[in-house]
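Visitor: Okay, predicted coordinates and the sequence, questions at the end:
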Amino acid sequence: MSINKVNNGLKIFSIIVGINLVLILSYSFSHSNEPVQEEKEEMVRHEENTNCFKCHGENKYTMYNADSSSTITKLMPRELFIDTLEFYDGTHKTFKCSDCHSDEYNSVPHNPELRFDPMPGCIDCHGGDPEYEEYKFEQIDEQFQNSVHSKAHTDNFACWDCHDAHSYKSTARADNGIKDMVAYNNAMCLKCHANTINYMLLSDEENPDLIAKHEWLPNQTQHFKKVRCIECHTSVSDSVLVAHEVMPKDKAIKGCTECHSKNTRLNHTLYKFKAAERRDKNGFFNGAILEESFVIGANRNIYLNYGSIAIFILVLGGILIHAILRIIIKKKKNHVG
Ligand code: HEC
Ligand code: HEC
Ligand code: HEC
Ligand code: HEC
Ligand code: HEC
Ligand code: HEC
Ligand code: HEC
């Protein structure tokens, strides 16, 4: 029996256990705090931000001019559209628009001067705050300052260029699978690296063709689904969960064995949080690798290796006993006949 079969067996078992857990948990949640939570969110939604979403959350907006007592209806430009659902799914969902933007935006048309308002950055709110210490905002900021992006565009590249101000959420700590996390994270980079207009806003150079530039990588599509851009483009950092120093291109990882080896780099990057979490929970060393896809060449779980050897011996033993019994029975039959 192969390790894969053991893996499948374990998977089926954990899926059954998982489904039961989800049922129990969702039952207890639906009978405890869900309505209260929903009510709270509804309150926030309706009272504060509806006025802004009336225009910025719709494909078109209508404006009234008191002087000429006329109304106009226009399309809301895509870049000023804010997705209501994504906003309320984000980390800062309890915010009012005016927590970051001027109150003056309540009057339309907006005063053009407001465009020059300085916007608060992550560090303005989170820097030096012990409550957010585990995120190490200061170290992330330092790594970001050393990144190619910040160095090339000091004044125009900010945390918000990757972390959408209106839908920011952390997936690195979330419980959904690695596949979703990879897709979410890579979309952050592709917002510019696969979009000429957004790239152009920062640089006059031509946007390099990503597919051509990664031609050396076999199964490119498969890789881009299974690893994040930052796996190869940031230096490994053990002090923060997500490394933020995007290095110049000539320092990017090209060697296959950096990932496809026993001591895979991915244990210090992509699988870091998941692996640590599982290690705490059930002592498995390669929790993430076990549960999800694992990199070919990375070390498999040692208990499973022992387990499969044991099963192999048992199977061999079974065959042997079976064979011996058959011989005995045959002999007996011959004897009788
Ligand atoms: C009646 C429709 C309408 C309402 C209501 C409205 N906006 Fe706008 N907003 C617009 C339009 C149109 C633009 C683009 C033209 C401009 O910049 O004035 C815009 C632009 C903006 C901009 C971008 C300015 C820039 O940098 O170019 C921000 C920020 C903004 N609105 C925030 C808000 C906030 C916050 C609210 C709620 C307090 C709000 N808006 C309510 C129509 C509206
Ligand atoms: C956590 C802070 C924060 C909150 C809350 C926030 N914004 Fe923003 N908003 C920003 C920042 C920062 C920018 C500039 C983004 C950039 O430079 O990429 C921005 C830009 C905008 C723009 C210009 C388009 C864009 O995306 O660059 C609009 C329109 C806007 N905000 C509307 C709103 C509305 C409406 C709300 C409430 C539903 C809101 N914002 C809540 C931080 C915030
Ligand atoms: C205007 C102030 C402000 C800005 C700007 C801001 N945050 Fe926050 N952030 C908060 C507040 C307040 C909370 C707590 C929200 C809550 O619990 O409802 C929070 C929560 C968080 C959390 C969750 C912490 C936890 O323990 O659950 C993370 C992570 C986070 N912010 C990251 C960021 C990042 C990254 C940026 C910049 C891209 C940023 N924040 C910008 C004020 C801000
Ligand atoms: C080049 C893109 C990029 C820039 C610029 C960037 N980040 Fe990030 N950041 C990421 C990615 C990708 C992640 C992983 C996202 C996820 O799944 O949570 C991340 C995650 C984070 C997290 C969550 C880490 C954790 O422990 O859960 C924080 C906090 C954070 N960034 C803060 C910042 C701050 C502060 C800045 C600006 C100084 C910044 N980021 C600029 C790409 C960027
Ligand atoms: C398996 C590692 C790996 C992954 C994953 C990866 N890259 Fe790269 N990338 C490289 C290497 C190595 C180079 C340098 C190629 C060369 O110079 O021949 C490079 C080059 C680049 C360049 C510079 C192109 C130029 O020549 O100017 C950009 C931009 C880039 N990558 C962005 C991304 C983005 C965005 C993603 C995620 C969608 C990504 N990369 C995923 C390894 C990787
Ligand atoms: C807001 C747009 C934007 C986002 C988001 C963005 N980049 Fe970039 N990136 C650029 C621009 C512009 C350059 C060219 C910098 C310059 O002018 O030298 C660049 C350059 C690069 C380079 C090449 C550096 C070199 O040596 O030529 C790499 C690698 C890179 N980015 C990777 C990433 C990764 C990985 C992410 C996501 C975590 C990301 N970028 C997100 C705009 C962006
Ligand atoms: C940043 C880490 C990383 C690097 C660098 C890397 N790989 Fe991979 N590779 C992965 C991951 C993760 C998978 C997905 C494993 C899976 O799905 O089972 C993968 C899958 C593959 C696959 C199987 C694709 C499929 O269709 O299932 C091949 C073949 C492969 N890599 C070859 C290479 C070669 C050759 C190189 C060097 C040129 C390389 N890889 C570099 C992480 C990496």
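Guide: Good, I have the coordinates. Ligands and ions are numbered 1, 2, ... in the order given.

Visitor: Please count neighbours and contacts with C-alpha atoms only from this point.
Guide: Noted.

Visitor: Neighbours of the residue in the stretch 151-300 of the chain positioned nearest to ligand 5, how many?
Guide: Residue of the stretch 151-300 of the chain nearest ligand 5, by CA to the nearest ligand atom: Cys229 (3.5 Å). By other CA atoms under 10 Å, the residues close to Cys229 number 20.

Visitor: for Met76, same thing?
Guide: 17.

Visitor: Likewise for Ser203?
Guide: 13.

Visitor: Can you report how many residues lie near Tyr168?
Guide: Residues within reach of Tyr168, counting by other CA under 10 Å, total 17.

Visitor: What values do phi and psi take at it?
Guide: Dihedral pair for Tyr168: phi -50, psi 130, per degrees, to the nearest 10.

Visitor: need the contact list for whichever residue of the stretch 51-200 of the chain sits closest to ligand 3.
Guide: Proximity of the stretch 51-200 of the chain to ligand 3 (CA to the nearest ligand atom) peaks at Cys122, 3.5 Å away. If you count contacts by CA atoms under 8 Å, 6 or more residues apart in numbering, Cys122 has them with Cys159.

Visitor: same thing but 10 Å
Guide: 137-138, 141, 158-160, 163, 165 (CA atoms under 10 Å, 6 or more residues apart in numbering).

Visitor: before we move on, what about Asp164?
Guide: By CA under 10 Å, 6+ apart, Asp164 lies in contact with 87, 90, 188.

Visitor: would it count as being in a strand?
Guide: No: with DSSP: H, G, I helix; E, B strand; the rest coil as the criterion, Asp164 is coil rather than part of a strand.

Visitor: And it, how close does it get to ligand 6?
Guide: 10 Å (CA to the nearest ligand atom, to the nearest Å).

Visitor: How about Ala165?
Guide: From Ala165 to ligand 6 the distance is 13 Å (CA to the nearest ligand atom).

Visitor: Hmm, Met181 and the residue of the stretch 151-300 of the chain closest to ligand 5 touching each other?
Guide: No: taking CA atoms under 10 Å as the definition, Cys229 is not a contact partner of Met181, at 11.6 Å.

Visitor: and for these two, which residues touch both?
Guide: Between them, Cys229 and Met181 share the contacting residues Ala187, judged by CA under 10 Å, 6+ apart.

Visitor: near ligand 2, which residues of the stretch 151-300 of the chain show up?
Guide: 160-161, 165-166 (CA under 6 Å from any ligand atom).

Visitor: quick one on the thing from earlier: how about the nearest residue to the residue of the stretch 151-300 of the chain closest to ligand 5, chain neighbours excluded?
Guide: Asn186 (6.1 Å; CA to CA, 6 or more residues apart in numbering).

Visitor: residues contacting that neighbour?
Guide: Residues in contact with Asn186, defined by CA under 10 Å, 6+ apart, are 180, 193, 224-225, 227-230.

Visitor: can you map out the strands along this structure?
Guide: In the chain, strands defined by DSSP state E lie at 60-65, 70-75, listed in chain order.

Visitor: just checking, what packs against the first one?
Guide: Counting contacts by 3 or more CA pairs under 10 Å, 6 or more residues apart in numbering; DSSP states H and E, the secondary-structure elements packed against strand 60-65 are helix 50-56, strand 70-75.

Visitor: Give me the sheet partners of it and which way each runs.
Guide: strand 70-75 (antiparallel) (DSSP bridges).

Visitor: outside of the strand it pairs with, which residues touch it?
Guide: Strand 70-75 has contacts (CA under 10 Å, 6+ apart) with 55, 58-65, 81.

Visitor: do it and ligand 2 meet at all?
Guide: No: with CA under 6 Å from any ligand atom as the criterion, ligand 2 is not reached by strand 70-75; the gap is at least 13.3 Å.

Visitor: Over that strand, what's the mean pLDDT, rounded is fine.
Guide: With pLDDT averaged residue by residue, strand 70-75 scores 96.

Visitor: picking that back up, now the helices and strands packed on strand 60-65 in CSV, with distance to Leu201 and mean neighbour count?
Guide: Converted to CSV, the helices and strands packed on strand 60-65 look like this (distance: least, CA to CA, whole Å; neighbours: other CA atoms under 10 Å):
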stretch, distance to Leu201, mean neighbour count
helix 50-56, 22, 16
strand 70-75, 22, 10
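
Visitor: and of the ones you listed, who's closest to Glu206?
Guide: strand 70-75 (29.8 Å; CA to CA).

Visitor: Only alpha carbons, please: show the closest one as CSV.
Guide: What follows is strand 70-75, C-alpha atoms only, in CSV (Å, rounded to 0.1, in the frame of the first residue of the first chain):
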residue,chain,number,x,y,z
SER,A,70,-31.4,69.7,-12.5
THR,A,71,-30.1,66.2,-12.0
ILE,A,72,-27.5,64.3,-13.9
THR,A,73,-26.8,60.5,-14.0
LYS,A,74,-23.3,59.3,-14.9
LEU,A,75,-21.3,56.1,-14.7
